[in-house]
Every structure is written in structure tokens, then in C-alpha cells.
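> I would like the atomic coordinates for the input below:
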Amino acid sequence: MKLLRFVRKMSDAASVEHFSALRMKYHERKDAFLEQNIKVKDPFCVFRDWLSDALNAKEILEPNAAALATVNDEGKPSNRFVLVKEATAEGFTFFTNYSSRKAEEIACNPNVAITIYWMPLRRSIRIEGVAEKIPQEASLKYFHERPRASQIGAAASPQSQRIPSRSYLDEVEAGIKAKLGADTEVPLPNWGGYLVRPSLIEFWQGQTDRLHDRIRFRRGSGVESEVDGKLVHAGENGWIYERLAP
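I've put the predicted structure just below:
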């Protein structure tokens, strides 16, 4: 309900043509996201804390929804929403059809970016890293943990490919159901997971005065040499961190 009231209030304040009038209250200065409040200087620890807050926020219906950006072999970017299904110290995992546009673009350029935005918390997380396929056994395990209807849907859809109509999908789905019956296990289609191993994770928290908080963690070859204790600081587990101007 809070989200609906917010949208209605914004609609009253500005027409569709004039976004410049849109304003939203964020955090106050007393609630700033400060380095000294980060107990463990590891971005995965911060992510777990922020995710816990998102899971406890009733207004956030899909806290694992994230925008995934990929780039094709011509250097042209594309973006779409996916559901992050696992976040560990290794990285972030999502699943898709391996013939989809995102999969084809990852095959030619595995560098990807993920953005999560939790509007009720006024927080966003940016992730940059390299995507790689997870083992087929792990994809198969997760595939069969999904509802049966979702498994059949994945098998029926040639994701990102041209199809003649919506009824075509219905016919393919019906054919799969008829072939498998009620009990036969759904075979794994050309479908599975990707693990995004991050080299950069940035945490953003909005401030009402627009002096937003941005703390960025990075890791990789040679980053430790940048640590000076003033602008760049040593974190844990190979990470360094720094504050960015909004």
C-alpha cells in the first residue's frame, strides 16, 4: 500500500511528460551508510545484511529481482530482469535458457553487470563480474526443485527465438504434457545456471539531500597496490573499498 500511495502521489505531482518534478524522500543524514558501521569489510557480508533487511520488508515482493546487462559481439548492450537464486562467497547465480539472447551474448563476452534496487529501503547494489556456466549436475538439481509447471514451461519455450503466436507455446506445452503424462520426470532442456564471479560490488543508499552514500568494493590483480589508507582502504578476503561521490 505504501508503494501504491507513492505512485499516486508522484502522478499528482508530475505529468508523464515532465519527470523533472518527481521527488522522493530518502534517508536522513543520521542514517548515513558509513564505513565504520560495516563490521566485516567484505561485500558479501554487507550484501547478506542488506538482503536480510529486504527480505523483512513486506513491500518488497521479489527481493532477488535484478537487472542483468550483457554485451554482444558488436559492443551493443542489452538489459533484462532475472531472479538471483543464490548468493555465496563465490558469486551470484541465475538460471536461463542456454539458447537465449543473454546466453549467446555471454558466450561471446562473459563480462556482465547486475543491478538490484530495493526502492522501499532506498538502496541499490551494483555488481560487475564474469559469468560462467555452473556444472550441469547443479543445474539439473535446481531444475527438478522447480514446480513441474515451470519445468514444462522451460522445456516448451525456445527463449528469445521467433514464434508464430501465443497459441504455438500452448500447443508445444500441451504436447509435452501429453508425452510425459503426470509422473514422468521432465528432461532437462538446454537450460541451466550461470555464476557471476564479481570483481566489483557497489552499495548505494539514497539521501534526501542527494548526497547519496556510495561505497565500492573491488578485487583483482594488483588492486592491493592502490591502498593508501585515505581514498582506498584494505578490506578482507582480497577486497579493497572506497567511497565515491554521488
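> any idea of the mean pLDDT for stretch 40-49?
Averaged across stretch 40-49, pLDDT comes to 97.
> Mind listing what's buried along it?
By neighbour count on 16 or more other CB atoms under 10 Å, the buried set for stretch 40-49 is 41, 42, 43, 44, 45, 46, 47. Using the backbone N, CA and C atoms, a C-beta is placed for each residue, glycine as well.
> helix, strand or coil for the fifth one?
Going back to what we said before, that points to residue 45. Secondary structure, DSSP: H, G, I helix; E, B strand; the rest coil: residue 45 is helix.
> and stretch 216-236, how far from the chain's centre?
Counting by CA atoms, centre = their mean, to the nearest Å, stretch 216-236 is centred 24 Å from the centre of its parent chain.
> Tell me the confidence at residue 210?
Looking at residue 210, its pLDDT reads 84.
> my bad, should have said residue 31
Reading off the model, residue 31 has pLDDT 78.
> How many residues are close by the closest residue to residue 243 other than its chain neighbours?
Closest residue to residue 243 in three dimensions, ignoring its sequence neighbours and counting by CB to CB, 6 or more residues apart in numbering: residue 215, at 5.6 Å. Applying other CB atoms under 10 Å, we find 21 residues neighbouring residue 215.
> what residues are up against residue 215?
By CB atoms under 8 Å, 6 or more residues apart in numbering, the contact list for residue 215 reads 33, 35, 38, 202, 203, 241, 242, 243, 244.
> and the gap between it and residue 32?
With distances taken as CB to CB, to the nearest Å, residue 215 is found 11 Å from residue 32.
> What of residue 238?
27 Å.
> longest single strand anywhere in this structure?
Counting by DSSP state E, the longest strand found in the chain is strand 191-205.
> partners of the next helix or strand along the chain from that one in the sheet?
Sequence-wise, the next helix or strand downstream of strand 191-205 (DSSP states H and E) is strand 213-218. Strand 213-218 has the following sheet partners, assigned by DSSP bridges: strand 191-205 (antiparallel), strand 240-243 (antiparallel).
> tell me which residues in the first one are buried?
Meaning strand 191-205. Those would be 191-196, 198-205, for strand 191-205 by 16+ other CB under 10 Å.
> what's the closest non-adjacent residue to residue 223?
Nearest to residue 223 is residue 240, by CB to CB, 6+ apart, at 5.1 Å.
> quick one: contacts for the one you found?
Residue 240 neighbours (CB under 8 Å, 6+ apart): 217, 218, 219, 223, 224, 226, 227, 232, 233, 234.
> From the contacts of residue 215, pick the one nearest residue 106.
residue 202 (21.3 Å; CB to CB).
> Isn't the closest one up against residue 241?
No - at 9.7 Å, residue 202 does not count as touching residue 241 under the criterion of CB atoms under 8 Å.
> Look up the residues that both of these two are in contact with.
Counting by CB under 8 Å, 6+ apart, the shared contacts of residue 202 and residue 241 are 215, 216, 217.
> Just give me the closest of those to residue 152.
Lowest distance from residue 152 to the shared contacts of residue 202 and residue 241 (CB to CB) belongs to residue 217, with 40.4 Å.
> What count of nearby residues applies to the closest one?
Neighbour tally, residue 217, other CB under 10 Å: 26.
> dump the residue contacts of the nearest residue to it once chain neighbours are set aside.
Closest residue in space to residue 217, ignoring its immediate chain neighbours: residue 43 at 4.0 Å, by CB to CB, 6+ apart. Counting by CB under 8 Å, 6+ apart, residue 43 touches 198, 201, 203, 217, 235, 239, 241.
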